[in-house]
Each structure stands twice: as C-alpha cells, then as structure tokens.
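J.: Next comes the sequence, and after it the predicted model I'd like to discuss.
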Amino acid sequence: MLWFGVASYGLAALAFGAAAAVLSVSRPGSRRASLLTVVVGLSAAWAAALVVLLLTSEPSPGAVGGIDALHTFLWTACVLSWLSSPSRYWLLGLSAFAGCSIVLATIAAAWLPGMTDAVYPTLVVMALIGFLGVEQVYRNAPEDTRRSLHLLCPAVAGIFVVDLFVYSQAAFLKELVLVPWEARGLVNAALVPPILLAVKRQPEWEQKLYVSRDVVFYTASLLGVAVYLVVMGIVVSMIRAFGGEWSLPFELAFLVAALAILAWGLFSTEIRMRARVFLVKHFYRNKYDYRYEWLRLTQSLGRSGDLPVLAHNALDGLARIVGSQQGELWLACEPHRYECMATLDRRLSHEARFDCNHPIVLFLASKGWVIDSEEYAREPDRYHTAFGRPQDGLLPAGSIIVPLDCQGYLQGFVVIEKPRALKSLNFEDHDLLKTAGRQVAVVLAQALAQERLAETRQFEAMNKLSMFLMHDLKNIVAQQELVVANAQRFRHRPEFIEDAIETVRSGVERMKRVLDQLNSRVRSEAASGRADVSKILMEVRSHCADREPVPEIQVGGPPIWVRMDREKLYSILTHLVRNAQDATPADGRIVIDLQLVGEQLVVSVEDTGKGMDQSFIRNRLFRPFDTTKGTRGMGIGAYQVRDTVRAAGGDVEVFSEPGVGTRFCVRLPVARGEDDTLAKQPAA
C-alpha cells in the first residue's frame with residue numbers, strides 16, 4: 001500500500017468535499033456556480049476513487065488514465081462554460097474525444113498491450129486543452145469582471161499544470177512516476193481555498209452563509225496541522241531513503257525540531273491572531289455596517305458651527321462608533337502643544353496639556369496605531385513598552401486613543417472611554433477608527449485653517465484701513481507743511497491768515513472724519529449714504545484751485561445723486577485731480593465731465609499731461625505700494641480709488657497715451673434725488 005498517496009488523495013477528498021458542502025449550503029444563484037459546485041463535488045469523488053484504487057491494488061495506466069481523464073474533462077467543461085466564444089464547443093469536443101480515446105485504449109489493452117502507451121500523451125493533450133480554456137476565459141473576460149477572476153483562473157489552471165507536469169514526465173519515461181503523482185493530491189487540496197475565495201468575490205455566485213468563526217478557525221488549524229504532519233512524513237521518508245547509516249540521528253533531530261516548530265505555531269499568540277484575522281477578513285462579512293457608520297460620521301461633521309462645536313461633533317461621531325459616551329479631543333492649536341478642544345460628559349486624562357515630547361504623542365506620531373490601554377496592561381510588549389509600566393498610569397485607564405492623522409502630521413488625538421460591552425478591539429475596530437480619525441483630522445485641519453485665514457483677513461482689512469488712513473493723513477500733513485512754509489513770508493497779510501485758518505479748520509475736519517472711520521458702526525452707516533456729485537465737484541475745484549492748471553468743470557442741470565459716502569467721493573475725486581495736476585504742466589488743461597448712462601453716473605477726469613503706456617496701467621498703476629513719486633508718495637492712491645469705487649458698486653476705467661494725456665472714468669450707481677426721481681443730466 002502506498003501510504004503517502006492514500007494520505008495525499010485522502011486530504012484532497014476531504015478538501016473538495018468540504019468545499020462542495022460550503023458551496024451547496026450557500027445556494028449558488030447562477031448556472032455557472034451550480035456547475036462549479038457539481039465539479040468540486042465530483043472532484044472529491046475522484047480523489048476518493050484514487051484512494052480506493054491505492055488501497056486495493058497498484059495503480060495501473062488504464063485505471064489511472066480513466067479516472068484522471070474523467071476528472072480533467074469535468075474541469076475543462078466547467079471552465080469552458082464561462083467562455084462565450086464559439087471555440088468552446090471545439091475545445092470541449094476535442095477533450096471529450098481524447099477522453100474516449102483513453103477509455104478505448106484501456107479496453108483494447110486486453111488484446112494489444114502496447115495501447116496503454118498512448119494513455120499518458122492523451123492525458124497531456126487533455127490537460128493542455130483545459131489550460132488553454134482557462135487562458136481564453138481570462139483573456140476574453142471584460143475589464144470589470146477580470147478582477148474577480150484573479151484567484152479563480154490561477155487556481156483552476158494549477159490543476160491542469162500539475163497534470164501536465166505529471167503526465168508529460170510519464171509520457172517521456174513511458175511509466176508513471178509515483179512521487180509526483182502521489183503529491184498531486186496535496187497540490188489539489190491546496191488549490192481549494194483559492195477557489196472558495198474566488199467564489200466569494202462573485203456576489204451573484206453565492207448567498208449569505210454563516211459559519212461560526214471559532215469552528216472555521218479550529219477547523220483550519222486542524223487542517224494546517226494535518227498538512228504539516230504529512231510534510232513531516234515526506235521528509236522522514238526521504239531521510240530514511242537517502243540517509244544511510246546516519247538516517248536515525250537525522251530523523252530524530254528533524255522530529256524534535258519539527259515538533260518544536262509545531263508547538264510554537266500552536267501556542268504562539270501572534271500566529272493565532274494573524275490566522276484568525278486572515279480567516280475573518282476573507283471568509284466573513286464585516287463587523288460594521290460601514291455605509292451607516294460613514295454616513296453618521298459625515299452627518300456629525302456636517303453640522304455647522306465654529307471650531308469648538310465642530311470638534312465636539314467630531315468627538316461625538318468617533319465615540320459613537322464604539323458605543324462610548326465619554327471622551328475628549330485634543331488638537332494641535334499651537335505648534336508644539338496639544339490642547340483639549342472638546343469633551344463628552346467628563347474628562348478622562350489628567351493632563352492639562354500634551355506637548356510634542358509626550359510619550360503618547362510621540363507614539364501616535366511615529367506609529368499611527370490605535371492605543372488600547374487594557375491591551376497595553378496585558379501585553380505592553382506589543383507597544384514596545386512605549387508608556388512605561390502599566391501601573392505608572394501614563395495611559396488613562398479603560399481608554400482607547402485614536403490618532404487624528406492628516407497627511408502624516410498628527411493633527412490631534414481622541415481619548416475615548418472603552419465601553420464594558422467591548423471586550424477587545426479586533427482588526428476591524430482598529431481599521432475603522434484609524435480611517436475615521438483621518439477623516440476627522442482633515443475636517444478639523446480645514447476648519448483650523450479657515451479660522452486662521454479669517455484672522456489673517458481681519459488683520460489684512462485693518463492693515464488696508466491703516467494704509468488708507470495714512471494716505472489721508474499724509475495729504476493733511478502736506479497742507480499743514482505748506483502753511484508753515486509760507487508763514488515766514490506772508491504772516492503779516494490778513495488774507496494769508498484767513499487762508500491759514502481755513503486750511504487748519506479743513507484739516508481738523510478731515511482729521512475728525514479719519515477718526516470716525518476707525519469706528520465700524522460709523523463706516524457702515526456712511527457706506528449706505530448718498531452724495532450730490534455736482535456740489536462735491538465744486539468743492540473739489542475750489543480746494544484744488546491753489547495749483548496750476550486749475551480744473552474745469554462741465555456741470556449743468558439738476559442735482560445728480562450717487563450711492564456713496566460723501567467724504568469718500570470727495571477724497572477720491574480730489575486724489576484724481578491732484579494726480580492730474582502732478583502729471584500736467586501749468587499751461588496744460590484738466591477737464592472734469594459728468595455723463596448719465598442709464599442708472600450709472602460716469603465722472604471723467606481728463607488731462608493733457610505726459611500720459612502712461614498700457615504696460616504701466618496693466619501692471620503697476622493699481623498695484624499697492626508701487627509709486628513713481630519717490631519718497632513723496634506711498635503708492636496706494638490709485639489702489640484706494642479703485643477699491644473704494646468697487647466697494648460702492650462701481651468701477652474705474654483708465655484711458656491714456658504717452659505724450660497725449662490721461663482720462664480716468666469713475667462709474668457709480670445713481671441714487672434717488674431729494675425729489676425721489678432720477679436726475680436727468682444731459683451729456684456734456
């Protein structure tokens with residue numbers, strides 16, 4: 001009796017039989033799945049038949065060829081049923097013809113003994129047909145279904161590859177080599193798990209089937225031990241066959257080492273944990289309803305509120321995953337420190353702050369693991385004893401610490417009280433908590449960035465206001481300097497004294513308006529005011545008449561009102577006229593024109609000065625702090641004009657040509673006049 005062959009094919013019969021039972025109980029929902037179930041069951045019968053053959057007699061070419069031909073044909077038919085090409089009928093017919101040829105050759109061997117020499121080459125042809133069928137199925141499969149065949153096709157192809165190896169060797173030697181033929185049963189048994197996994201990846205091929213996780217784990221453990229013992233037997237047989245006089249010492253040494261390895265594998269916690277995780281991942285459905293958990297977390301993060309409210313919602317969403325009602329969220333609000341941003345019910349940790357050198361922070365930043373304090377108390381070596389002795393209390397008792405990792409940066413972490421119902425965390429708990437922590441970290445990082453951006457914008461607005469006020473103050477100071485410069489020459493003239501007093505009074509009024517602009521309430525009220533453009537232009541002309549060329553105003557008709565603060569309009573028109581006077585020689589000309597276009601008023605300030613090219617207008621004119629006046633200017637006048645006009649709902653257009661002149665057009669929305677009608681101003 002060939003005991004190795006009996007053990008090998010006996011194991012294959014058990015594996016195929018168990019797989020057929022699993023597939024049958026799962027009630028395959030398609031014709032292809034039903035055919036696969038039948039073929040797997042008949043493969044168990046094939047292996048059992050070979051066991052019976054080995055127990056009763058020596059394997060003969062006729063008996064072995066007939067049994068293996070039927071087995072190969074069944075798998076070929078199963079594979080070709082997945083192929084929609086017309087060539088499958090030709091391949092199936094060729095395989096059937098080869099199988100019938102083997103049967104006829106076996107029958108004819110009773111009269112012609114040489115006919116059995118054709119059995120092994122014919123089996124090689126049948127294995128080639130089956131392998132070709134697998135290749136055709138995978139190559140012709142659509143891209144969306146090819147991914148589900150990554151396991152199934154290689155596993156089935158392995159059955160044909162083993163037959164090719166065994167029978168090509170037998171065809172060459174004209175006799176069956178027993179060692180590879182007997183080992184074929186082990187290879188077929190090893191190919192059963194990939195077939196089951198492949199069927200699991202085909203949703204339409206199976207229905208829900210619940211099997212106890214402990215049953216699967218211990219069954220897989222027993223199967224693994226059986227395979228290990230078979231391998232031990234093979235090695236011992238080889239030592240006895242080739243060891244000579246040293247076979248007994250080698251055999252004893254090998255048995256001791258093999259049993260030590262087996263004991264280590266059976267009693268190792270890490271190996272058992274990895275095996276259990278592998279089985280649960282690949283044979284069971286998920287512990288969590290990920291769609292529900294993700295929607296609930298997204299809903300928690302989607303609630304409106306500032307950063308503390310968002311942190312509280314995020315903490316609540318993470319705590320609900322494990323069913324906890326207590327926890328706290330720590331966020332890196334400062335570069336090197338973490339502060340508690342939100343709590344549920346009560347605080348868990350005794351730390352007021354965590355700095356970047358705290359052991360918990362260092363471990364989360366480097367490893368990114370979810371920390372289970374109870375697991376650390378049992379097995380601190382799993383965490384490389386990163387938190388000292390469990391009795392030191394560095395970790396909050398009965399807690400789960402989840403890192404909030406945002407693209408490799410520890411944005412913060414969450415400390416959650418571990419519920420009593422949650423005995424221990426498995427790989428699903430770790431994966432879900434880490435993934436949810438990354439999502440929370442991204443949302444909190446965005447909220448923190450928006451909060452800092454809002455602060456930056458507030459400072460930017462304050463800086464912009466300061467620049468505008470400095471520009472106004474510069475003009476007031478220039479007026480006062482002019483009075484002081486002329487005082488030595490004209491202080492005895494009464495008209496100079498009157499002009500000086502008027503200039504000082506005007507400066508005081510403008511200083512008061514500047515101080516009022518610092519009040520946000522005054523600015524908001526002023527922004528909604530109205531201004532009579534004709535009157536303001538008269539004041540601008542009077543104010544700018546002290547320099548040449550004196551501006552000309554083309555104004556007539558009823559008053560024209562615009563939706564803008566009076567002082568702001570006065571300031572921007574004065575600035576435009578002063579700039580025109582700076583750019584125009586004394587014998588030049590400056591004209592201020594009004595035009596009513598629909599419900600917009602166009603105020604044009606045109607001069608005959610030196611002008612500007614288009615490159616300067618496009619790249620430098622409205623750029624803040626860019627000036628051509630040297631130390632006399634700040635470079636924000638034109639920028640302030642356009643910014644103020646746009647804030648009032650208008651815009652500024654510039655037309656200029658070097659050596660010809662410049663025209664500034666200020667467009668402003670027209671407001672209702674005092675008689676509640678739109679002013680009608682003809683074009684000048």
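T.: Good, I have the coordinates.
J.: now the stretch 101-250 of the chain, which segments are flagged as low pLDDT?
T.: Applying pLDDT under 70 to the stretch 101-250 of the chain picks out residues 104-117, 141-148, 200-234, 236-237, 239-248.
J.: ok, residue 164 - contacts?
T.: 124, 127, 128, 131 (Cβ atoms under 8 Å, 6 or more residues apart in numbering). In this view, the C-beta of every residue, glycine as well, is placed from N, C-alpha and C.
J.: Please, which helix or strand holds it?
T.: Using DSSP states H and E, the element containing residue 164 is helix 152-173.
J.: contacting residues around the helix or strand that that helix is followed by?
T.: As assigned by DSSP H and E, the chain's next helix or strand after helix 152-173 is helix 178-190. Applying Cβ under 8 Å, 6+ apart, the external contacts of helix 178-190 come out as 2, 4-5, 8-12, 14-16, 43, 47, 50, 59, 64, 158-159, 162-163, 165-166, 169-170, 227, 230, 234.
J.: go on, stretch 649-661?
T.: Counting by Cβ under 8 Å, 6+ apart, 563-564, 584, 600, 606-614, 617, 621, 641-642, 645-646, 662-669 sit against stretch 649-661.
J.: ChimeraX command for the buried members of those?
T.: Only the buried entries of the contacts of stretch 649-661 go into this ChimeraX selection, using 16 or more other Cβ atoms under 10 Å:
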select :563,564,584,606,607,608,609,610,611,612,617,621,641,642,645,662,663,664,665,666,667,668
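J.: In strands only, show me the contacts of stretch 649-661.
T.: 600, 606, 607, 662, 663, 664, 665, 666, 667, 668, 669 (DSSP state E).
J.: I'd guessed the second one sits against residue 666; true?
T.: No - counting by Cβ atoms under 8 Å, residue 606 does not reach residue 666; the two are 11.9 Å apart.
J.: Now do the same contact list for the residue nearest the centre of the chain.
T.: Geometric centre of the chain, nearest residue: residue 439, 8.4 Å, by Cα atoms, centre = their mean. Contacts were defined as Cβ under 8 Å, 6+ apart; by that measure residue 439 touches 297, 301.
J.: can you tell me which helix or strand it belongs to?
T.: Residue 439 belongs to helix 427-490, assigned by DSSP H and E.
J.: Not counting its neighbours along the chain, what's nearest residue 617?
T.: Spatial nearest neighbour of residue 617, excluding adjacent residues (Cβ to Cβ, 6 or more residues apart in numbering): residue 654 at 5.3 Å.
J.: May I see the buried residues of the helix or strand hosting the one you found?
T.: Counting by DSSP H and E, the element that carries residue 654 is strand 651-657. Across strand 651-657, burial judged by 16+ other Cβ under 10 Å covers 652, 654, 655, 656.
J.: now the residues you listed in CSV, with pLDDT and distance to residue 496?
T.: Formatted as CSV, the buried residues of strand 651-657 follow (pLDDT from 0 to 100; distance: Cβ to Cβ, whole Å):
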residue, pLDDT, distance to residue 496
652, 91, 37
654, 92, 38
655, 93, 40
656, 92, 37
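J.: Dump these to TSV, plus distance to residue 541.
T.: Below are these laid out as TSV (distance: Cβ to Cβ, whole Å):
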residue	distance to residue 541
652	20
654	22
655	22
656	22
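J.: In the protein, what residue spans correspond to strands?
T.: Going by DSSP E, the chain shows strands at 327-334, 337-344, 354-355, 371-372, 399-406, 409-417, 531-532, 552-554, 561-562, 590-597, 600-607, 651-657, 661-669.
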